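1. Just to be clear, the model below is a prediction. Sequence and coordinates:
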Amino acid sequence: MTASVHAPAQAFAEDAGRPDISVRRHRPPVPGESRTVRFEGKDYGSPVSMFITDSAPGTGSQLHVHPYRETWVVRKGAAEFLVGDERLRAFAGDIVVAPADVPHRYLNVGTEQLELVCIHPSETIRQQDL
């Protein structure tokens with residue numbers, strides 16, 4: 001993703017009263033800041049990382065690849081995914097999984113905001129933009 005993301009997760013970590021529980025509190029972006037949230041699991045002792053995206057019509061990610069499978073949960077809107085040579089559309093409620101080491105991207109093809117949860121089964125997001 002080419003847009004900037006919220007400040008480092010550590011700035012949002014909150015002690016929940018137990019040393020093995022932490023909370024990352026949401027805060028609205030400031031003007032000019034991306035609405036995409038980047039969550040790195042390593043900052044919270046989690047083996048999972050993710051992007052929570054909020055993309056305007058006609059926008060999306062650039063072509064990239066990961067050394068692990070990526071799972072997308074479409075929460076709102078319509079997305080076109082390019083995975084290798086395959087193009088497919090997904091809508092609110094759909095879940096799409098891409099294989100490891102295959103170039104992919106998504107694009108908001110709807111008329112409203114696209115909300116996706118992009119799940120990375122890794123404590124850090126490992127992404128190579130192409």
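-> Arrived safely.

2. could you pull out the strands for the protein?
-> 13-15, 22-24, 37-39, 49-55, 64-65, 70-76, 78-83, 86-91, 95-98, 104-108, 114-120, 128-129 (DSSP state E).

3. Out of those strands, the one nearest P31 is which?
-> The closest of these to P31 is strand 49-55. By C-beta to C-beta, the value is 14.7 Å. Glycine gets a C-beta too; all of them are placed from N, C-alpha and C.

4. Report the inter-axis angle for that closest one versus strand 70-76.
-> 40 degrees (axes from the mean of the first three to the mean of the last three C-alpha atoms, to 10 degrees).

5. Strand 49-55: how far from the chain's middle?
-> Centroid displacement of strand 49-55 relative to its chain, using C-alpha atoms, centre = their mean, to the nearest Å, is 3 Å.

6. per-residue confidence at T36?
-> Here the pLDDT value assigned to T36 is 86.

7. in terms of contact, does it touch D54 like I think?
-> Yes: using C-beta atoms under 8 Å, T36 is in contact with D54, at 6.5 Å.

8. any chance of the strands of the chain in a markdown table, plus mean neighbour count and distance to V30?
-> Putting the strands of the chain into a markdown table (neighbours: other C-beta atoms under 10 Å; distance: least, C-beta to C-beta, whole Å) gives the following:
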| stretch | mean neighbour count | distance to V30 |
| --- | --- | --- |
| strand 13-15 | 11 | 19 |
| strand 22-24 | 15 | 17 |
| strand 37-39 | 20 | 14 |
| strand 49-55 | 22 | 14 |
| strand 64-65 | 16 | 26 |
| strand 70-76 | 19 | 22 |
| strand 78-83 | 19 | 26 |
| strand 86-91 | 13 | 30 |
| strand 95-98 | 16 | 31 |
| strand 104-108 | 20 | 22 |
| strand 114-120 | 21 | 20 |
| strand 128-129 | 12 | 25 |
